[in-house]
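J.: from the sequence below, what's the structure:
(chains A and B)
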Amino acid sequence: MKPFDYVRPATVTEAVAAAAQPGAVYLAAGTNLLDLMKGGISRPDRLVDVTRLDGLDQIETLADGSLRIGALVRNADLAHDAEFARSYPAVAEALLSGASAQLRNAATVGGNLLQRTRCAYFYDTASRCNKQAPGSGCDARDGDNRSHAVLGWSESCIATHPSDFCVPLVALDAIVEIEGRGGRREVALDELHRLPGDAPERESVLEPGDLIVAVRLPPAARGFAAHARYLKVRERTSYAFAVVSAAAALRIENGRIAQARLALGGVAAKPWRARAAEDVLKGVAPTADAFQEAARRALESAKPSGDNAFKIELARRIVVRALTLAAAGTPVRIPALPASPFASTSGAVHV
Amino acid sequence: MNHSISLTVNGARRDFVLDDPRVTLLDLLRERLHLTGTKKGCDRGQCGACTILVDGKRINSCLALAISHDGADILTIEGLARGDQLHPVQAAFIAHDGFQCGFCTPGQIMSAIGMIREGQAGNDPERVRECMSGNLCRCGAYVGIVDAVLEAQGQMDETNQRRSA
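T.: Predicted coordinates:
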């Protein structure tokens, strides 16, 4: 690991100033950053430790009914907050399907949003990677790419964003609060991550020094609590990233879908909101035919980026399945295997 | 630049001067305190062999910078037994053959203690397996590990109930 300076600012303003310097990065839990640094993938000159900043580890309900989650809240603390899990069950299920218990105890909300892709070529410093060295090429394009993107990718980069947490968050219109050199601003989570285009090294809209201080769920996000699920296909039962995942949330009134929310994970460089699919579900009965049509719409623009055409069909099936599970109703307790198609309580037919 | 930190390790306060901020909690325990019970397996957060409790919660010590944990209360495998009296989870691992080579065992035991404190698994073997998935055992002693965790959890629950009664 390359040597670095370590600073621990006392205030958010000091942190922003310190992190705006070239070569500086924020350190929260470090569960992803330290791994990247040990592998020589990230080589920062300075770590700006934000873990002691006051007031960023609170979960609070605001006057308008929004929920504000501080950026330093640990993944496990959020998922196990009973009120949170009741109100936003798909988010809790997604959190508990991610990583391991040890990592969830450390990893933070803000860090989860900004974690890097797990593309093996990005992690291999001997490979060509346009994220690592812009313009150098992409060895994933002709490499082992069965886990790579099928939506929103470019010739420059076919990596996916690995977060589970972000998938239901983007479905529920989460908003990201950012403190930067110009003061406080906010962006929709859907706008935080950038698609690769010809600049895959620019992964988000954040500028130097920008610090995520909170994630907010708007009041309407609570309205889906009765019919919300996260479903995730992995290559092993637990402690693995998604091959494909989906968050489905429905508001059902008088036997019809008043409103639907749908997002996909593991398919693109960002959590993928499927608005066209949501539109076809509005006002219709929650039937298998409706869910099939929604799945078709959700993957309409998908195309393989390599040996991964299977992910498109898999994603359609996961969408149908997630919508079916959501329509059946949120379980009282998160299944023993959160988000797993193999969970004994999922009411599963085959994937 | 030197950085001073202090930790409570297995109940005793320890002060350190770090001349390099790169040292992880894992390396500090093993190389500065010679507490080598905490194992370095993958060193990348994938195997769980380095699991310790920090402020009562299980984490991967290989992915935790010591400098960022100034003031933390740390419990390692060395801090469990009281003389010859093993912690209930240690005793249960022996009773149920919850290991073969033993390399992953300190991490498994610390993880199990963390899991029992979290109180999410109950006596459901499927939940125990899921909650312990961050600890790999290459010998494949999982059947014994799950049995050991379930038995130890039951004993610790009973003890707690007796204490509170």
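
J.: how about stretch A:38-50: buried residues?
T.: Using 16 or more other C-beta atoms under 10 Å in any protein chain shown as the test for burial, stretch A:38-50 gives A:38, A:41-42, A:44, A:46-50. For every residue, glycine as well, the C-beta is placed using N, CA and C.

J.: and chain B, which of these contact it?
T.: Taking C-beta under 8 Å from any C-beta of the partner chain, the overlap between the buried residues of stretch A:38-50 and the neighbourhood of chain B is A:38, A:47, A:49.

J.: hmm, back to that, output the buried residues of stretch A:38-50 in TSV; the columns should cover pLDDT and secondary structure.
T.: Shown next, in TSV, are the buried residues of stretch A:38-50 (pLDDT from 0 to 100; DSSP: H, G, I helix; E, B strand; the rest coil):
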residue	pLDDT	secondary structure
A:K38	98	helix
A:I41	97	coil
A:S42	98	coil
A:P44	98	coil
A:R46	98	strand
A:L47	98	strand
A:V48	98	strand
A:D49	98	strand
A:V50	98	coil
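
J.: can I get those residues in CSV with distance to A:C129?
T.: What follows is the buried residues of stretch A:38-50, written out as CSV (distance: C-beta to C-beta, whole Å):
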residue, distance to A:C129
A:K38, 18
A:I41, 9
A:S42, 13
A:P44, 18
A:R46, 23
A:L47, 23
A:V48, 25
A:D49, 28
A:V50, 27
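
J.: mean confidence score for stretch B:1-16?
T.: Per-region confidence: stretch B:1-16 scores 96 on mean pLDDT.

J.: hey, where'd the strands end up in chain B?
T.: For chain B, applying DSSP state E gives strands covering B:3-9, B:12-18, B:51-54, B:57-60, B:73-75.

J.: pick the most buried one from these.
T.: strand B:57-60 (a mean of 28; mean count of other C-beta atoms under 10 Å in any protein chain shown).

J.: quick one, what contacts the nearest residue to A:V233 once chain neighbours are set aside?
T.: Leaving aside its chain neighbours, A:V233 sits nearest to A:V243 (4.8 Å; criterion: C-beta to C-beta, 6 or more residues apart in numbering or on different chains). Neighbour list for A:V243: A:147, A:233-235, A:266, A:311, A:314 [criterion: C-beta atoms under 8 Å, 6 or more residues apart in numbering or on different chains].

J.: apply 10 Å and report the result again.
T.: Applying C-beta atoms under 10 Å, 6 or more residues apart in numbering or on different chains to A:V243 gives the contacts A:146-147, A:160, A:232-235, A:265-267, A:308, A:310-311, A:314-315, A:318.

J.: can you tell me which of the residues you listed is nearest chain B?
T.: Using C-beta to the nearest C-beta, A:R234 is the member of the contacts of A:V243 that lies nearest chain B, at 10.7 Å.

J.: for the residue positioned nearest the centre of chain B, give its distance to A:V233.
T.: Centroid-nearest residue in chain B: B:M110, 2.3 Å away (criterion: C-alpha atoms, centre = their mean). Shown here: B:M110 relative to A:V233, a distance of 31 Å by C-beta to C-beta, to the nearest Å.

J.: same question, A:G329
T.: Distance, A:G329 to A:V233, using C-beta to C-beta: 22 Å.

J.: look at those two and report which has more neighbours.
T.: Neighbours were tallied for A:G329 and for A:V233 using other C-beta atoms under 10 Å in any protein chain shown; the higher tally belongs to A:V233 (22 against 14).

J.: domains for chain B, by residue range?
T.: Per the record, chain B has its domains at B:3-79, B:88-164, by automatic domain parsing.

J.: ends of the first one, what's the gap?
T.: Right, domain B:3-79. End-to-end distance of domain B:3-79: 26 Å, with C-alpha to C-alpha, to the nearest Å as the criterion.

J.: contact partners for A:L103?
T.: The contact partners of A:L103, taken as C-beta under 10 Å, 6+ apart, are A:29, A:31-32, A:74-76, A:239, B:45-46, B:48, B:58-60, B:63, B:134.

J.: same check, this time on A:V187
T.: Per C-beta under 10 Å, 6+ apart, neighbours of A:V187: A:175-178, A:204-206, A:210, A:212.

J.: buried members of the residues you listed into PyMOL, please.
T.: Applying 16+ other C-beta under 10 Å to the contacts of A:V187, the buried members can be selected in PyMOL as follows:
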select buried, chain A and resi 175+176+177+178+204+206+210+212
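
J.: let me have the domains of chain B in a markdown table, extended by distance to A:E186.
T.: Converted to a markdown table, the domains of chain B look like this (distance: least, C-beta to C-beta, whole Å):
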| stretch | distance to A:E186 |
| --- | --- |
| domain B:3-79 | 28 |
| domain B:88-164 | 33 |
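
J.: out of those domains, flag the one nearest chain A.
T.: domain B:88-164 (2.5 Å).

J.: picking that back up, list the contacts of the nearest residue to the residue nearest to the centre of chain B once chain neighbours are set aside.
T.: Nearest non-adjacent residue to B:M110, counting by C-beta to C-beta, 6+ apart: B:T51, 4.5 Å away. By C-beta under 10 Å, 6+ apart, B:T51 lies in contact with A:100-102, A:105, B:26, B:38-39, B:41, B:58-62, B:76-77, B:104, B:106-114, B:134-135.

J.: change it to 8 Å
T.: Counting by C-beta under 8 Å, 6+ apart, B:T51 makes contact with A:102, B:38, B:58-61, B:106-108, B:110-111, B:114, B:134-135.

J.: equivalent analysis for A:T13, please.
T.: A:T13 touches A:E179, counting by C-beta under 8 Å, 6+ apart.

J.: name the element it belongs to?
T.: Per DSSP states H and E, A:T13 falls inside helix A:12-19.

J.: so after that helix, what's the next helix or strand?
T.: Assigned by DSSP H and E, the successor of helix A:12-19 is strand A:24-27.

J.: excluding its backbone neighbours, what's nearest A:R118?
T.: Distances taken as C-beta to C-beta, 6+ apart place A:P162 nearest to A:R118, at 4.9 Å, with adjacent residues excluded.

J.: residues in the stretch 101-250 of chain A within reach of chain B, list them.
T.: With C-beta under 8 Å from any C-beta as the criterion, the stretch 101-250 of chain A comes near chain B at residues A:101-103, A:105-106, A:237-239.

J.: of these, buried ones?
T.: Listed as buried from those are A:101-103, A:105-106, A:238-239; burial here means 16+ other C-beta under 10 Å.

J.: pLDDT added to those, as CSV?
T.: Formatted as CSV, these follow (pLDDT from 0 to 100):
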residue, pLDDT
A:A101, 98
A:Q102, 98
A:L103, 98
A:N105, 98
A:A106, 98
A:S238, 96
A:Y239, 97
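
J.: got JSON lines for the residues you listed, with secondary structure too?
T.: What follows is these, written out as JSON lines (DSSP: H, G, I helix; E, B strand; the rest coil):
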{"residue": "A:A101", "secondary structure": "helix"}
{"residue": "A:Q102", "secondary structure": "helix"}
{"residue": "A:L103", "secondary structure": "helix"}
{"residue": "A:N105", "secondary structure": "helix"}
{"residue": "A:A106", "secondary structure": "helix"}
{"residue": "A:S238", "secondary structure": "coil"}
{"residue": "A:Y239", "secondary structure": "coil"}
